[in-house]
Every structure is written in C-alpha cells, then in structure tokens.
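Asks: below are the sequence and a predicted model for it; my questions follow.
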Amino acid sequence: MKKNIKLAKLAGFCYGVKRAVETTKKLKKENPEKEIFVLGELIHNSHVINELSSLGIHTVDELPDNGDGICIIRSHGAAPEVFEKVKQKGYEIVDLTCLDVKKVQQKAIQLVEEGFLLIIVGKPEHPEVCAIKANAQTHGEHVIVAPDTDSLKEYEDEIKKHKRIGVVVQTTQRIENLQSVVNYLLPFAREIKVFNTICASTSMRQAEAKNLAKESDLMVVVGSKKSANTTHLAEILSGITRTIHIETDDELEKYNSLIESAQNIGVTAGASTPDMIIANVMNKLNNY
Ligand code: SF4
C-alpha cells in the first residue's frame with residue numbers, strides 16, 4: 001500500500017531567519033567590494049553557512065581589528081558591549097536581530113527596571129538567551145537564567161528573598177516548560193509578572209506539528225541538532241508518536257525499518273532548515 005506522507009505547512013524558515021538570510025545575501029550583492037562578516041553563525045544550519053561562505057560572506061567569532069567592512073548582528077541579537085566593540089573597531093553594523101527577540105529584550109529590561117527579580121526561562125549558553133541577559137543586566141543585577149524548574153531550585157533562597165518575580169522566556173521554548181516554571185514560582189511570589197515571549201512562529205509550528213503527529217505513526221523532524229527550536233520540536237513530538245530527528249536525507253537510511261513499517265508519515269522542520277533540504281527528504285521518503 002502506498003504510504004501517506006504529509007509535510008507540515010509551517011516547516012522551514014520562519015520570517016526572522018528568512019529576513020536574516022535574504023538581507024545578508026542582498027548586502028553582499030549590493031556591496032561586492034566590501035568585506036561582510038557575521039558574528040557567530042547566522043542561523044544554525046551548516047548548509048546555509050557554507051553557502052554564505054561561497055558568496056564571500058565570513059562567519060567569525062572575533063572580528064579582525066582593521067574595522068574594514070560590514071558586521072551583521074544575527075537574528076539571536078547581541079549584548080550591548082558587543083555592539084559597542086564592533087563600533088569601536090570601525091565596522092558598519094547591520095542589526096538583523098529578529099523583532100520577536102527584540103521584544104523579549106525589551107520586556108526583560110522593563111521587568112528589571114520595575115524592580116522584579118528577572119527569570120529568563122531558556123538555555124543559559126544559547127546566544128539569544130545570553131543577549132537577553134546581557135541587555136537586562138545593563139539595567140539591574142538581579143537576573144537568573146534557568147532552562148527548567150529543576151535548575152531553578154538552586155536559586156530558591158534568592159527567589160524567596162525577592163518575592164516580586166518577573167519572567168520572560170526564550171522565543172523557541174515549549175509552553176509546557178514555561179507553565180511548570182510559573183507553577184513552581186507561584187508559592188514564593190507576592191507579585192509575579194509573566195511575559196509569554198515564545199514567538200508566534202514557534203507556537204504555530206509546534207501546534208501544527210502536534211496535530212500532524214496525532215495522525216501519524218512516524219514523525220520526521222528535519223533540522224540541525226544545534227537548533228533549539230528543532231530539538232524542542234523533536235522532544236514534543238516524541239511524546240505523541242514515534243519520532244526521528246535528522247539533519248539531511250542522508251540519515252534516513254539509518255531508520256529504514258521504521259520508515260518501511262510506517263503507513264502515515266508526518267514531516268516537519270525547524271525554523272533554520274532550508275527548503276531544499278526538506279524537499280530532498282520528501283523526495284526520498286516518497287520513493288520508499
Ligand atoms: S524562531 Fe521566532 S524569534 Fe527566532 S528568528 Fe524565527 S520568528 Fe524570530
């Protein structure tokens with residue numbers, strides 16, 4: 001019997017990633033004589049990074065000192081000191097921080113300024129979270145980053161002391177995680193202000209994928225293992241149905257027996273997965 005293979009409508013680039021990739025390429029096209037640097041990977045996808053490099057766009061962790069050219073701030077945003085340093089080196093800055101990430105930074109600053117103990121729900125090492133924290137800390141010291149309820153426990157004394165608690169969340173987190181953090185904090189707080197800053201693109205993608213998973217006996221999630229939103233998708237879906245997370249179609253053969261035994265297969269992809277990679281996966285699945 002022919003397999004029923006369905007691709008989620010919201011698979012692939014979100015508007016923030018699309019804007020970052022398209023603007024970066026356009027900048028190089030319009031300024032072929034200028035050196036263009038991206039501080040950190042523009043998006044978490046090695047295919048896109050290689051493509052940018054083939055166009056002469058450099059991905060760097062540290063900018064050369066000569067200050068010659070354009071420096072792109074990626075969609076994750078950056079700390080105020082980073083902007084300052086880039087300016088001091090003499091680069092022209094093109095800020096491609098996603099507008100949804102900017103909103104989280106603003107809400108975080110607002111909470112710190114209003115005197116709340118700020119809790120950022122997210123992965124401490126993730127560049128978006130580091131930038132939110134750094135922006136908030138220029139307005140006040142009391143900031144805690146915690147990926148989940150368990151990691152908040154070590155800050156219990158500090159939380160009890162403050163009683164006024166403000167919460168923001170990394171744009172690509174799971175709503176269930178935010179809910180459990182808020183439930184944990186409630187008994188300690190006299191006042192609690194929560195901004196649900198999970199971006200619309202992430203919530204809609206997760207909701208659609210969950211529905212697709214309910215009618216599928218196998219879900220295939222396509223995207224980098226380094227991408228937070230892609231890994232969260234795979235985590236969520238594995239609680240609903242059998243789920244595999246692959247970076248490209250090459251990995252499909254590892255799962256041959258799973259794929260062969262599945263009748264209804266759903267496919268979704270993270271916000272940093274290019275259309276071409278998704279199309280290759282669909283092609284291969286359709287040929288099983
Ligand atoms: S996942 Fe959301 S916050 Fe992140 S770049 Fe895309 S739209 Fe912006």
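Replies: Yep, it's here. Numbering: from 1, shown residues only.
Asks: and the residue of the protein nearest the ligand?
Replies: In the chain, no residue comes nearer to the ligand than residue 16, which is 2.5 Å away by Cβ to the nearest ligand atom. Every residue, glycine included, has its C-beta placed from N, CA and C.
Asks: now that residue: closest residue in space that isn't a chain neighbour?
Replies: residue 98 (3.2 Å; Cβ to Cβ, 6 or more residues apart in numbering).
Asks: pretty sure the residue of the chain closest to the ligand is touching residue 272, no?
Replies: No: the pair residue 16 / residue 272 is not scored as a contact, 9.8 Å apart, by Cβ atoms under 8 Å.
Asks: neighbour count: the two, which is higher?
Replies: Ranked by neighbour count (other Cβ atoms under 10 Å), residue 16 and residue 272 place residue 272 first, with 27 against 23.
Asks: sorry, back to before: the residue nearest to residue 16: neighbour count?
Replies: Neighbour tally, residue 98, other Cβ under 10 Å: 23.
Asks: which residues sit in contact with it?
Replies: 16, 17, 19, 20, 75, 76, 77, 171, 199 (Cβ atoms under 8 Å, 6 or more residues apart in numbering).
Asks: what residues are up against the fourth one?
Replies: Spelled out, it's residue 20. 42, 43, 72, 74, 75, 96, 98.
Asks: now do the contacts for the second one.
Replies: By Cβ under 8 Å, 6+ apart, residue 43 lies in contact with 17, 20, 21, 49, 74, 75, 227, 271, 272.
Asks: so the last one lies in a strand, does it not?
Replies: No: using DSSP: H, G, I helix; E, B strand; the rest coil, the assignment for residue 272 is coil, not a strand.
Asks: can you turn the buried part of the contacts of residue 98 into a ChimeraX selection?
Replies: Buried members of the contacts of residue 98, defined by 16 or more other Cβ atoms under 10 Å, are picked up in ChimeraX with:
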select :16,17,20,75,76,77,171,199
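Asks: the contacts of residue 98 in helices, which ones?
Replies: When these are checked against helices (DSSP state H), the matches are 16, 17, 19, 20.
Asks: in this structure, which spans are strands?
Replies: Assignment of strands within the chain using DSSP state E yields the ranges 4-7, 36-39, 57-60, 70-73, 92-95, 117-121, 143-146, 164-169, 191-194, 218-222, 243-246, 264-269.
Asks: ok, and for the second one, which residues are buried?
Replies: Meaning strand 36-39. 36, 37, 38, 39.
Asks: quick check: can you name the pairing partners of that strand and their directions?
Replies: Using DSSP bridges, strand 36-39 pairs in its sheet with strand 57-60 (parallel), strand 70-73 (parallel).
Asks: which residues sit against the first one?
Replies: Under the contact criterion Cβ under 8 Å, 6+ apart, strand 57-60 has outside partners 24-25, 28, 35-42, 49, 52-53.
Asks: make a PyMOL selection of whichever of those turn out to be buried.
Replies: One line in PyMOL is enough to select the buried ones among those; burial here means 16+ other Cβ under 10 Å:
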select buried, resi 24+28+35+36+37+38+39+41+42+49+52
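Asks: any chance of the contacts of strand 57-60 in CSV, with pLDDT too?
Replies: Shown next, in CSV, are those (pLDDT from 0 to 100):
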residue, pLDDT
24, 97
25, 97
28, 97
35, 95
36, 97
37, 97
38, 97
39, 96
40, 95
41, 94
42, 95
49, 94
52, 96
53, 97
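Asks: related to what we said a few turns ago, and among the strands paired with strand 36-39, the most buried is which?
Replies: strand 70-73 (a mean of 23; mean count of other Cβ atoms under 10 Å).
Asks: mean confidence score for that strand?
Replies: Averaged across strand 70-73, pLDDT comes to 97.
Asks: residues of this protein that sit close to the ligand?
Replies: 14-17, 75, 98, 100-101, 171-172, 199, 201-202, 229, 271 (Cβ under 6 Å from any ligand atom).
Asks: give me that answer again for 5 Å
Replies: 14, 16, 75, 98, 100, 171, 199, 201, 271 (Cβ under 5 Å from any ligand atom).
Asks: measure the closest residue to the last one other than its chain neighbours to residue 119 for me?
Replies: To tie it back to what came earlier, the one meant is residue 271. Nearest residue to residue 271 in three dimensions, chain neighbours excluded: residue 14, at 4.0 Å (Cβ to Cβ, 6+ apart). From residue 14 over to residue 119 the distance is 25 Å, taken as Cβ to Cβ, to the nearest Å.
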